[in-house]
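S.K.: Dropping the sequence and predicted coords here.
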Amino acid sequence: MSEPTQAQKRNYYLIVLSMISMFVTTSTIYMVFPLFFEEQGMSITQSGVLISVGTFAGIISSVIAGKYSDTHGRKPVLLVGVSVYAVVFFLFAFAGKDFYTLAALRFVEGFAFYMTPVAITTMAADIFPSKMRGKMMSLYTMSNGVGQLVGPLLAGAFLAATSYFTYFIFCGAFVSLSAVMILLLVKETMPDHVVEHQRARGHGINIKTLGTDVRSLGRYVAVFLVAILVYRTGNTMVNPFFSLYLKTLNIDLSAMSYLFALRALMTLIFAPITGIVLDRYGRKITFLGGIALLAATMLGYRQVSTYEHVLVIRALESISNAILVTTTRTYSADLMRPEIRGFGMGLYNTIVDESSTMGSILGGWIADKAGFATIFLIGSVTAAACFVITLLGVPEPSKLKPHLEKSEEVKT
């Protein structure tokens with residue numbers, strides 16, 4: 001794969017820039033929505049269901065987005081996802097606040113949002129060769145970090161001064177700017193040989209060939225996706241309810257915002273470091289280091305009792321998150337051939353979404369029945385299981401590079 005041109009690099013920078021508004025808004029969901037749902041009279045279990053409805057929608061949309069990004073282009077998928085995501089915030093402001101209405105809105109929101117990482121990670125892999133891919137994926141992770149830094153701080157101050165209604169209006173308007181930016185400035189990235197390959201196979205999602213598409217991803221992709229499913233299921237039992245856990249420690253909304261913003265700061269610092277390490281030392285060792293740190297921090301949360309203790313553990317957990325988000329995207333993209341990379345990244349995001357769905361439902365139920373300490377223990381155990389699966393079952397992608405890039409080299 002040849003070096004990208006300056007125009008291709010600028011295009012990717014515009015894509016990443018357009019995502020900041022998405023991440024500013026979505027970074028506040030786990031902080032704001034559980035409290036918003038609680039204000040509407042929802043129990044922790046109901047809150048978990050409402051969170052999980054959005055991630056469940058992503059299970060569906062990720063596969064659809066992946067397949068259509070291979071057949072109809074990456075840009076249309078990205079534009080539709082961002083546009084619908086913007087509209088749903090306006091609906092949150094004006095629609096009813098009963099459980100079923102909120103569930104419907106969460107479904108639409110999740111369906112739209114989870115289309116976007118499929119398109120973007122595929123676009124990054126389209127533009128950049130393997131030796132640059134770690135750094136470029138880290139740039140996308142950093143845009144998430146910017147959103148995580150600004151979002152919680154902004155939401156905490158915003159809600160203290162205004163209302164949830166105004167918050168939803170602002171989020172919808174802010175994301176709408178990104179949709180306009182994508183429409184006018186972002187260019188399609190799908191390689192010509194992928195266009196020809198898909199034209200020969202036919203467009204759209206064909207149920208008859210879906211099994212063949214999955215099998216064509218290969219054994220190592222399957223094992224790695226299982227490993228991700230295991231650790232993410234445990235980890236996402238924690239994330240949707242973190243603000244409620246902090247509330248049990250008598251930490252107020254203002255102080256919470258700093259803990260959520262801390263994750264962003266660690267992402268901005270450690271995502272680019274992760275990108276350099278990935279390209280220099282490899283995907284596997286970086287992933288194993290990140291997952292080991294996650295397992296340790298989950299146990300650490302069981303020991304905290306003060307705000308200062310939470311701050312330290314949160315910082316370490318946030319470092320592991322910066323490592324894992326960047327590494328799993330790069331690792332997965334490297335294991336996939338370019339002709340099916342859109343579908344493969346869609347399936348990867350489906351696994352991420354499915355784990356979030358199961359984690360949110362189980363986490364809410366376990367929090368009600370057994371408390372937060374049990375959730376943190378499960379998070380540590382699942383991270384350790386992921387470590388073992390990856391260590392034994394998934395090789396370093398560079399060892400498979402001649403096979404994975406054979407078709408791409410022939411076409412280009």
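M.R.: Alright, I've got the coordinates. If you're wondering where the values come from, they're calculated on a predicted model, not measured in any experiment.

S.K.: From now on I want contacts and neighbour counts done on CA atoms only, so please keep to that.
M.R.: Will do.

S.K.: Where does pLDDT dip in the protein?
M.R.: Residue ranges of the chain with pLDDT under 70: 1, 30, 192-213, 240, 253, 353, 356-357, 401-412.

S.K.: any idea which residue sits dead centre in it?
M.R.: residue 117 (6.7 Å; C-alpha atoms, centre = their mean).

S.K.: Does the closest residue to it other than its chain neighbours belong to a helix, a strand or coil?
M.R.: Spatial nearest neighbour of residue 117, chain neighbours left out: residue 349 (7.6 Å); criterion: C-alpha to C-alpha, 6 or more residues apart in numbering. At residue 349 the chain is in helix, as set by DSSP: H, G, I helix; E, B strand; the rest coil.

S.K.: For burial, what's the neighbour tally of residue 349?
M.R.: For residue 349, the count of nearby residues is 27 (other C-alpha atoms under 10 Å).

S.K.: go on, residue 376?
M.R.: Neighbours around residue 376, by other C-alpha under 10 Å: 22.

S.K.: in what helix or strand does it lie?
M.R.: Of the helices and strands defined by DSSP states H and E, residue 376 is found in helix 372-393.

S.K.: any idea how far that helix is from the chain center?
M.R.: 19 Å (C-alpha atoms, centre = their mean, to the nearest Å).

S.K.: same check, this time on stretch 145-158
M.R.: Stretch 145-158 has its C-alpha centroid displaced from the chain centroid by 17 Å (C-alpha atoms, centre = their mean).

S.K.: cool, and stretch 280-298?
M.R.: With C-alpha atoms, centre = their mean, you get 17 Å for stretch 280-298.

S.K.: Ends of stretch 242-255, what's the gap?
M.R.: As for stretch 242-255, its first-to-last residue distance stands at 13 Å under the measure C-alpha to C-alpha, to the nearest Å.

S.K.: chain center to it: distance?
M.R.: The gap between where stretch 242-255 is centred and where its chain is centred comes out at 24 Å by C-alpha atoms, centre = their mean.

S.K.: what's next to it, contact-wise?
M.R.: 30, 31, 34, 35, 156, 157, 256, 305, 306, 307, 372 (C-alpha atoms under 8 Å, 6 or more residues apart in numbering).

S.K.: For the fourth one, give its distance to residue 162.
M.R.: To tie it back to what came earlier, the one meant is residue 35. In this structure, residue 35 and residue 162 are 15 Å apart, going by C-alpha to C-alpha.

S.K.: Please compare these two by neighbour count and tell me which comes out ahead.
M.R.: residue 35 (19 against 10).

S.K.: List the buried residues of the helix or strand hosting that one.
M.R.: Using DSSP H and E, residue 35 maps to helix 29-39. By 16 or more other C-alpha atoms under 10 Å, the buried positions in helix 29-39 come out as 29, 30, 31, 32, 33, 34, 35, 37.

S.K.: The residue nearest to residue 117 against residue 64, yeah?
M.R.: No. Using C-alpha atoms under 8 Å, residue 349 is not in contact with residue 64; the gap is 10.9 Å.

S.K.: Next, give me the two most distant ones among the contacts of stretch 242-255.
M.R.: For the contacts of stretch 242-255, the farthest-apart pair by C-alpha to C-alpha is 157 and 372; their separation is 27.1 Å.

S.K.: quick one, which of those two is more surrounded?
M.R.: residue 372 (22 against 13).

S.K.: Just want the angle from the helix or strand that the helix holding residue 35 is followed by to helix 29-39.
M.R.: Using DSSP H and E, the helix or strand that follows helix 29-39 in sequence is helix 44-71. Following axes from the mean of the first three to the mean of the last three C-alpha atoms, to 10 degrees, one obtains 140 degrees for the angle between helix 44-71 and helix 29-39.

S.K.: Does anything pack onto helix 44-71? Which helices or strands?
M.R.: In terms of contacts (3 or more C-alpha pairs under 8 Å, 6 or more residues apart in numbering; DSSP states H and E), helix 44-71 is packed against helix 29-39, helix 74-94, helix 99-113, helix 116-127, helix 192-201, helix 341-370.

S.K.: Quick check: the gap between residue 165 and residue 109.
M.R.: From residue 165 to residue 109 the distance is 16 Å (C-alpha to C-alpha).

S.K.: Those two: who's more crowded?
M.R.: Neighbours per residue, other C-alpha under 10 Å: of residue 165 and residue 109, the larger number sits with residue 109, 26 against 14.

S.K.: How about the more buried one: what's its closest non-neighbour residue?
M.R.: Spatial nearest neighbour of residue 109, excluding adjacent residues (C-alpha to C-alpha, 6+ apart): residue 85 at 5.5 Å.

S.K.: Can you give me every residue that contacts that neighbour?
M.R.: The contact partners of residue 85, by C-alpha under 8 Å, 6+ apart, come to 108, 109, 110, 112, 113, 172, 175.

S.K.: Please convert these to TSV, extending it with distance to residue 397.
M.R.: Output for those, formatted as TSV (distance: C-alpha to C-alpha, whole Å):
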residue	distance to residue 397
108	35
109	34
110	31
112	31
113	29
172	40
175	36
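
S.K.: that older thread, and the helix holding residue 35 with helix 99-113, angle?
M.R.: Using the same axes, to 10 degrees: helix 29-39 against helix 99-113 is 170 degrees.

S.K.: what does helix 29-39 contact?
M.R.: The contact list for helix 29-39 (C-alpha under 8 Å, 6+ apart) reads 44, 47, 152, 155, 164, 239-244, 257, 260.

S.K.: Could I get those in a markdown table, plus columns for distance to residue 131?
M.R.: Listed next are the contacts of helix 29-39 as a markdown table, based on distance: C-alpha to C-alpha, whole Å:
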| residue | distance to residue 131 |
| --- | --- |
| 44 | 45 |
| 47 | 43 |
| 152 | 34 |
| 155 | 38 |
| 164 | 45 |
| 239 | 32 |
| 240 | 35 |
| 241 | 38 |
| 242 | 37 |
| 243 | 39 |
| 244 | 42 |
| 257 | 37 |
| 260 | 32 |
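
S.K.: following whichever strand or helix holds residue 155, which helix or strand comes up?
M.R.: Taking DSSP H and E as the definition, residue 155 sits inside helix 130-161. Next in sequence after helix 130-161, counting helices and strands by DSSP H and E, comes helix 164-185.
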